[in-house]
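Novice: sequence plus the predicted model coming up.
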Amino acid sequence: MTPVIPVAVDDDTTVRDVLRAALRTVWSERPDLIAHGVCERSVVGALLVALTPLVATWERGWKVDVEYNRWHPEGLEEVRQKFLPGFEAGKKERLVFPDLIVHHPGHDGPEHNLLVLEAKKGTISPRARAHDYRKLTGFRSVFRYRQAAFLEFDGRGGRPRLQWFTDGGPAADPTRPAQEVVE
């Protein structure tokens, strides 16, 4: 059952509630992805499918995209230099695309960049978590996303966990799992 979501996106609670609702949908309707160790890209793709109709009800034409690579090269370089020191080690590591975004394609700023999400599956090391936390901080700083979330899940059917990044809030601890368990 799809929840009724308000048409206007006036506050951050609405964004968070919609992401939680989409996660609940994926976790209940796609156990084949959730419990069998399927690649995180497949899970994020299912999240896009669940999130898109919810976001489509909002005013102003918000879009959901995965691994969106329309990034400005100078902005990506700023994220790499300021937030990801030593990130140039290998060719694969140079890619800096968020796993999922909610935005107005072709526009910049907080009025057009609503949510950026990074996802990790399995046993997540503090180093990997810290890397994604820095990346999310960079996306918020450089591209001015209103909200950022880190999604982690075990790939064996356990509940998803979210870590939210907010202005002025306490820094997330990468040595501990994401704080919010989505039930």
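Specialist: Yep, it's here.
Novice: quick check, central residue of the protein?
Specialist: residue 117 (0.9 Å; C-alpha atoms, centre = their mean).
Novice: report the beta-bridge partners for the nearest residue to that residue once chain neighbours are set aside.
Specialist: Closest residue to residue 117 apart from its sequence neighbours, by C-beta to C-beta, 6 or more residues apart in numbering: residue 100 at 4.3 Å. All C-beta atoms are positioned from the backbone trio N, CA, C, and that covers glycine. Judged by DSSP bridges, the bridge partners of residue 100 are residue 66, residue 117.
Novice: all strands of the protein, in order?
Specialist: Here the chain has its strands, by DSSP state E, at 63-66, 100-103, 113-121, 147-153, 161-165, 180-181.
Novice: hmm, back to that, what sits against the residue nearest to the centre of the chain?
Specialist: 19, 44, 98, 99, 100, 101, 148, 149, 150, 151 (C-beta atoms under 8 Å, 6 or more residues apart in numbering).
Novice: pretty sure the fifth one is in contact with residue 46, am I right?
Specialist: No. With contact taken as C-beta atoms under 8 Å, residue 100 and residue 46 are classed as non-touching, separated by 10.8 Å.
Novice: mind listing the helices for the chain?
Specialist: 12-29, 31-34, 40-55, 73-83, 126-143 (DSSP state H).
Novice: with mean neighbour count added, can I get those helices in CSV?
Specialist: As requested, those are exported to CSV (neighbours: other C-beta atoms under 10 Å):
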stretch, mean neighbour count
helix 12-29, 18
helix 31-34, 16
helix 40-55, 19
helix 73-83, 15
helix 126-143, 19
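Novice: worst mean pLDDT among those?
Specialist: With a mean of 73, helix 73-83 has the lowest mean pLDDT of the helices of the chain.
Novice: can you give me the neighbour number for residue 159?
Specialist: 14 (other C-beta atoms under 10 Å).
Novice: could you do residue 99 as well?
Specialist: 23.
Novice: same question, the one 5 residues further on
Specialist: Taking other C-beta under 10 Å as the criterion, the count of residues near residue 104 is 15.
Novice: for it, what are its contacts?
Specialist: 60, 61, 62, 63, 112, 113.
Novice: from residue 145, how far out is the fifth one?
Specialist: For residue 112, the distance to residue 145 under the criterion C-beta to C-beta, to the nearest Å works out to 10 Å.
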